[in-house]
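In: Let me see the structure of the following:
(chains A and B)
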Amino acid sequence: GAVVSQHPSRVICKSGTSVKIECRSLDFQATTMFWYRQFPKQSLMLMATSNEGSKATYEQGVEKDKFLINHASLTLSTLTVTSAHPEDSSFYICSARGGSGNQPQHFGDGTRLSIL
Amino acid sequence: AQSVTQPDIHITVSEGASLELRCNYSYGATPYLFWYVQSPGQGLQLLLKYFSGDTLVQGIKGFEAEFKRSQSSFNLRKPSVHWSDAAEYFCAVGGTRGGNKLTFGTGTQLKVEL
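Out: You can find the predicted model right below:
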């Protein structure tokens, strides 16, 4: 149980393109979803936290107009990287958590985003 | 503020040998502690978690971890390592004080020699 599906797994696109990444909880209802960014050989950096039906809470330094997050249902959250540039190239990982705060986060397999 | 330190960036062990990965945390209350494993190009898989109760927790794939409040540690152990255990391991801390957000350590890269 507790499967999180993230799509696409890899995206290569031109600079200036907007890219949407989907994160789905397949067998549980995710009251909270998280979006992380991971640079090569580094740890995960939390970008934002989203609760179903409300606006996402962004971490300090993360541009909310650049990284649009939508959490329209209990099983789906999307991250849109708007007008992507090469510096946005990274590994983006989502996680989902059901129930109360002491439940663990379950992670998707990540999206490798490469902006040319 | 909550934080996690994983002192060992790389560890190499022989297959069949025992393993201990170190994790120290800083948190202002009783923490929630997690160990995750990440294979190259993949997401994170939960190995085990500690919320309360028994300080020795058992996880998947034969891993265990012990919560030691006095040492602010949550070290991961496995008695006999398999070649398939080679991966990146992340310790994470969270809890109600931090809005239930997780803070990850910088990870330990495990290499297994055959």
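
In: give the contact list for the residue nearest to residue B:59 when sequence neighbours are not counted.
Out: Closest residue in space to residue B:59, ignoring its immediate chain neighbours: residue B:48 at 2.8 Å, by C-beta to C-beta, 6 or more residues apart in numbering or on different chains. Glycine gets a C-beta too; all of them are placed from N, C-alpha and C. Remark: with contacts taken as C-beta atoms under 8 Å, 6 or more residues apart in numbering or on different chains, residue B:48 is in contact with B:34, B:35, B:57, B:58, B:59, B:60, B:63, B:64, B:65, B:76.

In: Which members of those are classed as buried?
Out: Neighbour-count burial within the contacts of residue B:48 applies to B:34, B:35, B:57, B:59, B:63, B:64, B:65, B:76; the criterion is 16 or more other C-beta atoms under 10 Å in any protein chain shown.

In: Show the backbone phi and psi for the fifth one.
Out: Comment: the main-chain dihedrals of residue B:63 come out as phi -90, psi 150, following degrees, to the nearest 10.

In: I'd assumed residue B:80 was in contact with it.
Out: No - contact status for residue B:63 versus residue B:80: not in contact, 11.2 Å apart, counting by C-beta atoms under 8 Å.

In: first to last residue in stretch B:103-114, what's the distance?
Out: 33 Å (C-alpha to C-alpha, to the nearest Å).

In: Among the contacts of residue B:48, which one lies nearest to residue B:101?
Out: Lowest distance from residue B:101 to these (C-beta to C-beta) belongs to residue B:34, with 12.1 Å.

In: Show the contacting residues for the closest one.
Out: Contacts for residue B:34 were tallied using C-beta under 8 Å, 6+ apart; they are A:104, A:105, B:46, B:47, B:48, B:49, B:50, B:91, B:92, B:93, B:94, B:102.

In: How about the third one, nearest residue that isn't a chain neighbour?
Out: The shortest distance from residue B:46 to any residue other than its chain neighbours is 5.3 Å, reached at residue A:104 (C-beta to C-beta, 6+ apart).

In: ok, residue B:69 - how many residues close by?
Out: The number of residues packed around residue B:69, counting by other C-beta atoms under 10 Å in any protein chain shown, is 10.

In: and the gap between it and residue B:24?
Out: Residue B:69 sits 12 Å away from residue B:24, going by C-beta to C-beta, to the nearest Å.

In: can you check residue B:113 too?
Out: Note on residue B:113: its distance to residue B:24, by C-beta to C-beta, is 27 Å.

In: neighbour count winner among the two?
Out: Applying other C-beta under 10 Å to residue B:113 and residue B:24 shows that residue B:24 carries more neighbours, namely 18 against 11.

In: Quick one: neighbours of the closest residue to that one other than its chain neighbours, just the number.
Out: Of all residues beyond its chain neighbours, the one nearest residue B:24 is residue B:5 (4.6 Å), with distances taken as C-beta to C-beta, 6+ apart. The criterion is other C-beta under 10 Å. On that basis, residue B:5 has 14 neighbouring residues.
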